[in-house]
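Chemist: quick one, structure for this:
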Amino acid sequence: MNEWMGFSLVVFGGIMQGTYFLGLKYVSPWKWENIWGLYSLIALIALPAALAGVTVPRLGEMLGRAPASALSMVFLYGAGWGIGSVLAGLGVARMGMAMGVAVLIGVTAAIGTFVPLVANTPQLVFTSKGLLVILAVLALLLGVALAAVAGKKRDASLAVEAAPLEQGSFGVGLAICVFSGIFSAMLNLAFAFSQPMVNAGVETGASNFGALNAVWMVALAGGFIANAGYTGYLLTRNKTWSNFTLPGTGRFWSVGLGMAVLWTGGIVLYGRGAASMGQIGAVIGWPLFMAIIIFVSTIWGFVSGEWKGSSPQAKQYMVAGMAVLLVASALIGIANHL
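Modeler: Residues are numbered from 1 along each chain as shown. Have a look, this model is predicted:
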């Protein structure tokens, strides 16, 4: 598979992950914890296990042959990502959507790119390829910052800049979002440092693609722990377990399945595409993946009416942010070609 095909797969994966959240808008009277719990079970456990089982001929033997340290690292990185996803909700509740998402996505993009760059390919840091990747990440951060300003101005123009869902100082919210970004980047670290697992899969007769599916199975199982714990806590605290059996909500199970297929499919395409880019795939693929997710989710926000009635200035900032994200993606494409 050539590098441009890998680039395209990462883009399509980002489109899928930028779309999956739409299901959250159409499941009332279910609460967030209902749809998130269902989505997490399917996306983080059922689908990865099924995919690995189908594409790895001797899955048990692969897992037994893989070094215990590699398995543990992938699982723990996945668990760290799961913690990051829970912290994201808590941090955004204190800082607000615009600023909170900007901080955690920015940190996730930077950590998830620079750690593999320095650890796996330090010889590329000061080459034209490495410097172009760094420039692309800086452009991505600028695009996210412009999107954050746009979000703040949208809220102000709509007079909906309400108090945070959770009370707490801005500093606490900022710290939570920073830690969320750090932990969330660990999903890419699980991929970047999974080569011993992939080698074990190939040695037992799996393709690189199949072996990567086993990597995601282990990493996402780790991520399920925090997500399941938090949603279980909310379901119990809010007494919303009974929502799963409410009359007329049968289609919501299909919504949860659709969300899971889009999210899991997106991460599988990311892994497939980044792997085909070679040793620097995790470095080039991750910021591109983040940029496309932000871009597509914002477009869906416009389409679904989130920006209806917002000020022209807010829309101008958002368009500027989207343009910068496209520039960042183009820079990554050029770096991929070098």
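Chemist: what about the stretch 1-150 of the chain, any weak spots by pLDDT?
Modeler: Within the stretch 1-150 of the chain, the segments meeting pLDDT under 70 span 1-3, 89, 92-102.
Chemist: does W30 sit in a helix, a strand or a coil?
Modeler: Here W30 is recorded as coil under DSSP: H, G, I helix; E, B strand; the rest coil.
Chemist: what about the residue of the chain positioned farthest from its centre, distance to G37?
Modeler: Here the chain reaches farthest from its C-alpha mean at P247, the gap being 32.8 Å by CA atoms, centre = their mean. For P247, the distance to G37 equals 20 Å [CB to CB, to the nearest Å]. Every residue, glycine included, has its C-beta placed from N, CA and C.
Chemist: which phi and psi does S311 have?
Modeler: phi -70, psi 150 (degrees, to the nearest 10).
Chemist: sorry, back to before: what helix or strand does the residue farthest from the centre of the chain sit in?
Modeler: Counting by DSSP states H and E, no helix or strand carries P247.
Chemist: pLDDT score for it?
Modeler: Turning to P247, the model gives it a pLDDT of 91.
Chemist: distance of it from P29?
Modeler: For P247 relative to P29 (CB to CB), the value is 10 Å.
Chemist: so what's I35 closest to, chain neighbours aside?
Modeler: Closest residue in space to I35, ignoring its immediate chain neighbours: V27 at 4.8 Å, by CB to CB, 6 or more residues apart in numbering.
Chemist: give me the number of residues near the one you found?
Modeler: 21 (other CB atoms under 10 Å).
Chemist: what do you get for R251?
Modeler: 10.
Chemist: check what pLDDT it gets.
Modeler: Predicted confidence (pLDDT) for R251: 91.
Chemist: try the one 10 residues further on
Modeler: pLDDT for V261: 95.
Chemist: distance of it relative to I15?
Modeler: Counting by CB to CB, the gap from V261 to I15 is 13 Å.
Chemist: out of the two, which sits in the busier spot?
Modeler: Higher neighbour count among V261 and I15: I15, with 18 against 15, using other CB under 10 Å.
Chemist: what helix or strand is the closest residue to that one other than its chain neighbours on?
Modeler: Nearest residue to I15 in three dimensions, chain neighbours excluded: V296, at 5.2 Å (CB to CB, 6+ apart). Using DSSP H and E, V296 falls within helix 281-303.
Chemist: tell me the buried residues in the next helix-or-strand element following that helix?
Modeler: Using DSSP H and E, the helix or strand that follows helix 281-303 towards the C-terminus is helix 312-337. Across helix 312-337, burial judged by 16 or more other CB atoms under 10 Å covers 314-315, 317-318, 320-322, 324-325, 327-329, 331-333, 335-336.
Chemist: ok now helix 312-337, how far from the chain's centre?
Modeler: 19 Å (CA atoms, centre = their mean, to the nearest Å).
Chemist: list the contacts of the residue nearest to I35.
Modeler: Neighbour list for V27: 34-35, 249, 252, 255 [criterion: CB atoms under 8 Å, 6 or more residues apart in numbering].
Chemist: now G266
Modeler: 12-17, 20.
Chemist: repeat that for Y20.
Modeler: 258-260, 262-263, 266.
Chemist: in TSV: those residues, plus distance to I284.
Modeler: TSV is the format used below for those (distance: CB to CB, whole Å):
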residue	distance to I284
G258	29
M259	27
A260	27
L262	23
W263	22
G266	17
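Chemist: let me know the closest of these to I45.
Modeler: I45 lies nearest to A260 out of these, by CB to CB, at 9.7 Å.
Chemist: quick one: that closest one and I42 touch, right?
Modeler: Yes - counting by CB atoms under 8 Å, A260 touches I42, with 3.7 Å between them.
Chemist: between helix 281-303 and the host helix or strand of V144, find me the angle.
Modeler: Using DSSP H and E, V144 sits in helix 128-158. Relative orientation of helix 128-158 and helix 281-303, computed by axes from the mean of the first three to the mean of the last three CA atoms, to 10 degrees: 20 degrees.
Chemist: helices and strands around helix 128-158, which ones?
Modeler: helix 97-120, helix 281-303, helix 312-337 (3 or more CB pairs under 8 Å, 6 or more residues apart in numbering; DSSP states H and E).
Chemist: so how far is that helix off the chain centroid?
Modeler: The answer for helix 128-158 is 17 Å, by CA atoms, centre = their mean.
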